[in-house]
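Undergrad: Need a 3D model of the following:
(4 chains)
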Protein chains: 2
Amino acid sequence: MRAAVIEIGSRDKILDAAEDLFSRRGFAGIGMREVADAVGLSKSSLFHHFSSKAELYAAVVGRILDIIDQRTMAALAIGGDVLTRFDRWLDTLMDTLAEHHNAGRLLLRSLFEDDELNGTSAEERHVDETIKHVFGAVSRLLQEGMQAGVLRKRSIPHVLQSLVGLTVYHFASGEFGEEMFGQSLFTPQLVRHRKDEVKALLHDGLMSGRARVTTKRGKGGSES
Amino acid sequence: MRAAVIEIGSRDKILDAAEDLFSRRGFAGIGMREVADAVGLSKSSLFHHFSSKAELYAAVVGRILDIIDQRTMAALAIGGDVLTRFDRWLDTLMDTLAEHHNAGRLLLRSLFEDDELNGTSAEERHVDETIKHVFGAVSRLLQEGMQAGVLRKRSIPHVLQSLVGLTVYHFASGEFGEEMFGQSLFTPQLVRHRKDEVKALLHDGLMSGRARVTTKRGKGGSES
DNA sequence: GTCTATAGCTAGATAGAC
DNA sequence: GTCTATCTAGCTATAGAC
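TA: Next up, the predicted model:
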């Protein structure tokens, strides 16, 4: 313990400002000048800390992915049965998305905007690896649950897609979502409600009749 | 019936090219020059058909929203009980997203990128109105189902968010999704499988135990 | 580590010939 | 309806002083 005053380095200030801006208008939508103005530095100073705009963007995305990764692993490491760990992970993920208002949009962008950043720099490879690390851990949890018989046997990739769609998209939906709910997406009540709705949907689905036990499926293979 | 040859006007050719490009890299990520090159026209000719880049973008998004809107209304108008209409609409929506490879990404962008296009032009207002029209129709269907007791009583906005997340996000997930599934997102088998998975999840959820009938909920209000 | 100055390029949009 | 030429303004990135 040293001084109580927290000194935030320029690098972190740049990352903070860039995160806000990139999350709103994406990589191509933001110029280094806007970032510089937001931090209160000159454009050139940014290039002293990050060798290119792409590296700055990758650093921004990497930073929030590291948080997701670390909190995912922590949530899964505590233990408990599969359902306990699954629900705990969902809560943790959505709490993280709620705490970091830019996280949802940045994640969604990095998932569905391939062309923006297919780079080969260390920072960009780190982004790819971290995403795969998180998805790998959740995949193993789902597989364990299906083998143990507590989760219905479904396609793991499809469930992963559904989980992203249910959680990340919601917190990324911005003004559109806020208009639908009539309030900020990040109020404690709405966050709590979203967590409940997602878990309820994943647990029991939408249909109320209990007669429905199996769903008729297309003749599509069990593959894909 | 006149000639069998289909004459595609310049306007449509521009829209086609712009759709491909905008869906991949977004509004800010594409320049009018790239669009012009793709169509085989000069940049200036584009401005003869669309008075600005923003108007071109709005026209692109509006065109696919019109398709979604028209097919949604058609699917709901056929009739049948609530569950039949709901499943038919889900099938129709996902078939449309599968047929128009750019639709998912464009829709997702127009939903979560507020800052790109908050304009006041006629084209942009049309986009907003069409989105609301579709969501309104689905909302009424959900409400009817909940009142009739065939759907669990859930927050309509939350269900709408979940439906977008489960359907649109999947078809927008691009290279990331394709890497996860090991194939194009648009193969007939994978499309059929996605439709089945989404409907199965919405019907019954993920948990296999039938003991679970009600889910414990947070103490959050029934509002939001 | 921050600055000014600037290179080199591309952006969206307009003017006006044909 | 398409073109060339051009305007102004922006961009990423670098050079080099302090």
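Undergrad: any idea how far residue A:191 is from DNA strand C?
TA: According to C-beta to the nearest atom of the strand, to the nearest Å, residue A:191 and DNA strand C sit 35 Å apart. In this view, the C-beta of every residue, glycine as well, is placed from N, C-alpha and C.
Undergrad: in what helix or strand does that residue lie?
TA: For residue A:191, the host element (DSSP states H and E) is helix A:188-204.
Undergrad: Residue A:90 too?
TA: Per DSSP H and E, residue A:90 falls inside helix A:82-99.
Undergrad: So which other helices or strands are in contact with that helix?
TA: Packing partners of helix A:82-99 (3 or more C-beta pairs under 8 Å, 6 or more residues apart in numbering or on different chains; DSSP states H and E): helix A:53-77, helix A:103-112, helix A:122-148, helix A:156-172, helix A:188-204.
Undergrad: which intervals of chain A have sub-threshold pLDDT?
TA: By pLDDT under 70, the weakly predicted segments of chain A are A:1-4, A:209-224.
Undergrad: from it, which residue is nearest to chain B?
TA: At 3.1 Å from chain B, residue A:165 is the closest residue in chain A, using C-beta to the nearest C-beta.
Undergrad: That residue against residue B:166, yeah?
TA: Yes. Look at residue A:165 against residue B:166 with C-beta atoms under 8 Å: they come within range, at 4.9 Å.
Undergrad: related to what we said a few turns ago, list the buried ones in the helix holding residue A:191?
TA: A:190-204 (16 or more other C-beta atoms under 10 Å in any protein chain shown).
Undergrad: how big is the angle separating it from helix B:188-204?
TA: With axes from the mean of the first three to the mean of the last three C-alpha atoms, to 10 degrees applied, the angle from helix A:188-204 to helix B:188-204 works out at 110 degrees.
Undergrad: and helix A:188-204, is it in reach of chain B?
TA: Yes. Contact of helix A:188-204 with chain B (C-beta under 8 Å from any C-beta of the partner chain) involves A:189-190, A:192-204.
Undergrad: So which of those residues is the closest to residue B:92?
TA: residue A:201 (21.2 Å; C-beta to C-beta).
Undergrad: nearest spatial neighbour of that closest one, skipping sequence neighbours?
TA: Nearest-residue entry for residue A:201: residue B:162, 5.9 Å, with adjacent residues in sequence omitted and distances by C-beta to C-beta, 6 or more residues apart in numbering or on different chains.
Undergrad: Residue A:52: neighbour count?
TA: Other residues near residue A:52 come to 14 when the count uses other C-beta atoms under 10 Å in any protein chain shown.
Undergrad: and it, what does it touch?
TA: Neighbour list for residue A:52: empty [criterion: C-beta atoms under 8 Å, 6 or more residues apart in numbering or on different chains].
Undergrad: Give the phi and psi angles for it, as a check.
TA: Torsion angles at residue A:52 (phi, psi; degrees, to the nearest 10) stand at phi -160, psi 170.
Undergrad: now do residue A:116
TA: phi -60, psi -40.
Undergrad: OK, contacts around it?
TA: So residue A:116 contacts A:26-28, A:57, A:109, B:25, B:29 (C-beta under 8 Å, 6+ apart).
Undergrad: Which ones among the residues you listed map onto helices?
TA: Of the contacts of residue A:116, the ones assigned to helices by DSSP state H are A:26-28, A:57, A:109, B:25, B:29.
Undergrad: hmm, which two among these are most spread apart?
TA: Maximum distance among those (C-beta to C-beta): 13.7 Å, for A:57 and B:25.
Undergrad: hmm, back to that, looking at the helices and strands packed on helix A:82-99, which is closest to residue B:36?
TA: Among the helices and strands packed on helix A:82-99, the nearest to residue B:36 by C-beta to C-beta is helix A:53-77 (25.0 Å).
Undergrad: list the helices and strands that closest one packs on?
TA: Counting contacts by 3+ C-beta pairs under 8 Å, 6+ apart, helix A:53-77 packs against helix A:10-29, helix A:32-39, helix A:82-99, helix A:103-112, helix A:122-148.
Undergrad: Who wins on neighbours among the ones in helices among the contacts of residue A:116?
TA: Neighbour counts for those, by other C-beta under 10 Å, peak at residue A:57, which reaches 27 neighbours.
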